[in-house]
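1. Structure of the sequence below:
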Amino acid sequence: MGIIYSIFGFILRLCYNICANNFIVALILFTLIAKLLMLPMGLSQQKSSAKIKKMQPEMDQIKKKYGANQQKYGEELQKLYQKYDYKMSAGCLPLLIQFPIIIGLFGVIYYPMTYVLNMSAQEVVDKAAGVLGGLTAGTDSYKLVETVANIDPVSYSASGTARGAEIVIAKAADLMDFDLFGVIDLSQTPSLAVFSWLWLIPLFAGLSAMLSGYVSTKLNGQQLSGMTKGMIFGMPIFSVVIAFSLPATIGFYWTVSSILQIGQSFLVKKLYSPEREERRIQARKEKERLEKLDRLRRFHEDDDLPEQGNSAETKPAAQGEKDKGGKNKGGKPAVSAPPAVKDDPDSRMPDRPVGEAAEEKELSRKQKKAEDRRRLRESREGKPKQQ
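-> Down below sits the predicted model:
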């Protein structure tokens, strides 16, 4: 996780420098960048969900028919997956990729002195000891800073020691600005014993998480089953409880992340929806059908060209060298051409070669075409010349 922390710490540090050293504004920009980075994975999940929804009726039929035979049931499922080009990893892989990213985001936000200000463990511990005397004993903020101040710098780890303590230390040492709109100090920890504006942060974190889960479920076309309801309504309540024990910066990040998640859900739905994908597939099939019909039409047109060419050749022979008055060049009345000689197979026009598999069919077709051409020539040449 150290590499992930370093990468996201570098990005958050850039955002912090761009936003005039205001950590809250930098946090909003950083969360937006993180959501954009995870957008392709969200799109992949949406495609996977759409395929699952489309396969569900057939999956239910297979389960009903082969539920008792697990081997046959698995084989039929694999055939169904191949039919819809569905891969099991397509639904799990994005989640596996997002998990370390989310952990990395939390780590960077919990420990801004280490990953944003690039301070060493010794410097963090020294700053904690220096500001501890200025805090009110017994408060959650005091307990967090005390934990860091009493720890050995060698064993201090920015991935598991007093989460959020560095936020309090950085604010108390006047190293970073955590004020929201210059009014609410988000480095403080909300307390249920004392009412303050900080109560809004955990409440907004829970409500936004609940709304995000509900919107995502609806847009994906999923049913609100018992487990889904538990995830949508249970997890936000847990988030509210946790947000009351950490600096308000953490709850603020959860709120911003949930709001951006709602926007990402609508964007993914616009970029890819099951209905639009179904229309695209139908349009592609219709295009392929029309192209196939066009190829068949051109094939039959080309197939008729030899007969047309042969008819054109016999037309001058049937007319002879007649002039407009019906006489030949010598002024004598035009007479009919001599009777046609029986068709010679060697004089027939060669047809297109065909494969060996269709040899008999092609031979029959050639014989029929030769007979048709012979009858056409006889009809155009007319009766035999009289003596």
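
2. Residue 210 is in contact with residue 233, correct?
-> Yes: Residue 233 lies in contact with residue 210 (C-beta atoms under 8 Å); the separation is 6.2 Å. C-beta here means a position set from N, CA and C on the backbone, and glycine is covered the same way.

3. what about these two, which has more around it?
-> residue 210 (19 against 15; other C-beta atoms under 10 Å).

4. Using the record's assignment, carve the chain into domains.
-> The chain breaks down by automatic domain parsing into domains covering 1-117, 121-175, 189-276.

5. what's the helix or strand containing residue 113 packed up against?
-> Element membership for residue 113, per DSSP states H and E: helix 112-115. For helix 112-115, the elements it packs on are helix 2-18, helix 121-131, helix 165-172, judged by 3 or more C-beta pairs under 8 Å, 6 or more residues apart in numbering; DSSP states H and E.

6. try it again with 10 Å
-> With contacts defined as 3 or more C-beta pairs under 10 Å, 6 or more residues apart in numbering; DSSP states H and E, helix 112-115 has these neighbours: helix 2-18, helix 23-37, helix 88-110, helix 121-131, helix 165-172.

7. Quickly compare the ones you listed and say which is most buried.
-> Highest mean neighbour count among these (mean count of other C-beta atoms under 10 Å): helix 165-172, with a mean of 26.

8. next SSE after that helix?
-> Later in the chain than helix 165-172, the nearest helix or strand by DSSP H and E is strand 179-180.

9. just how off-centre is that following strand within its chain?
-> 37 Å (C-alpha atoms, centre = their mean, to the nearest Å).

10. Strand partners (parallel or antiparallel) of that strand?
-> strand 184-185 (antiparallel) (DSSP bridges).

11. Beyond the strand it pairs with, next helix or strand please.
-> That would be, after strand 184-185 and using DSSP H and E, helix 200-219.

12. Identify each buried residue in that next one, please.
-> 201-202, 204-206, 208-217, 219 (16 or more other C-beta atoms under 10 Å).

13. which helices and strands does the helix or strand residue 237 falls within pack with?
-> Residue 237 belongs to helix 235-243 when assigned by DSSP H and E. The contact analysis (3+ C-beta pairs under 10 Å, 6+ apart) places helix 235-243 against helix 200-219, helix 248-271.

14. Can you check the pLDDT for the spatially closest residue to residue 185 that is not a sequence neighbour?
-> Once flanking residues are discounted, residue 185 sits nearest to residue 179: 5.7 Å by C-beta to C-beta, 6 or more residues apart in numbering. Residue 179 is assigned a predicted lDDT (pLDDT) of 82.

15. Same check on residue 173?
-> Per-residue confidence (pLDDT) for residue 173: 87.

16. For it, grab the count of nearby residues.
-> Using other C-beta under 10 Å, residue 173 has 15 other residues around it.

17. quick one: low-confidence parts of the stretch 201-350 of the chain?
-> Applying pLDDT under 70 to the stretch 201-350 of the chain flags residues 220-228, 273-275, 277, 281, 300-350.

18. May I have stretch 148-162 exported as PDB, CA atoms only?
-> Output of stretch 148-162 as PDB, limited to C-alpha atoms (Å, rounded to 0.1, in the frame of the first residue of the first chain):
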ATOM      1  CA  VAL A 148       1.100  10.300  18.600                       C
ATOM      2  CA  ALA A 149       3.100  12.400  21.100                       C
ATOM      3  CA  ASN A 150       3.900   9.400  23.200                       C
ATOM      4  CA  ILE A 151       4.800   7.000  20.400                       C
ATOM      5  CA  ASP A 152       8.400   6.100  19.400                       C
ATOM      6  CA  PRO A 153       9.100   7.700  16.000                       C
ATOM      7  CA  VAL A 154      10.700   4.500  14.800                       C
ATOM      8  CA  SER A 155       7.500   2.600  15.300                       C
ATOM      9  CA  TYR A 156       5.200   5.400  14.000                       C
ATOM     10  CA  SER A 157       3.300   4.300  11.000                       C
ATOM     11  CA  ALA A 158       1.100   6.600   8.900                       C
ATOM     12  CA  SER A 159      -1.000   3.600   7.900                       C
ATOM     13  CA  GLY A 160      -2.300   2.500  11.300                       C
ATOM     14  CA  THR A 161      -1.600   5.000  14.100                       C
ATOM     15  CA  ALA A 162      -4.300   7.300  15.400                       C
END
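
19. List of residues touching it?
-> With C-beta atoms under 10 Å, 6 or more residues apart in numbering as the test, stretch 148-162 has contacts from 1-2, 5, 9, 103, 106-108, 110-115, 119-133, 143-147, 165-166, 168-169.

20. Kindly recompute the last result at 6 Å.
-> Outside of stretch 148-162, the residues within contact range by C-beta atoms under 6 Å, 6 or more residues apart in numbering are 107, 111, 114, 121-122, 125, 128-129, 132, 144, 147, 165.

21. where's that stretch relative to the chain centroid, distance-wise?
-> Its chain's C-alpha centre and that of stretch 148-162 lie 42 Å apart, by C-alpha atoms, centre = their mean.

22. What mean pLDDT does it get?
-> Model confidence over stretch 148-162, given as mean pLDDT, is 76.

23. What is the burial count for residue 54?
-> When neighbours are counted by other C-beta under 10 Å, residue 54 registers 15.

24. name the element it belongs to?
-> Short version: residue 54 belongs to helix 39-66, going by DSSP H and E.
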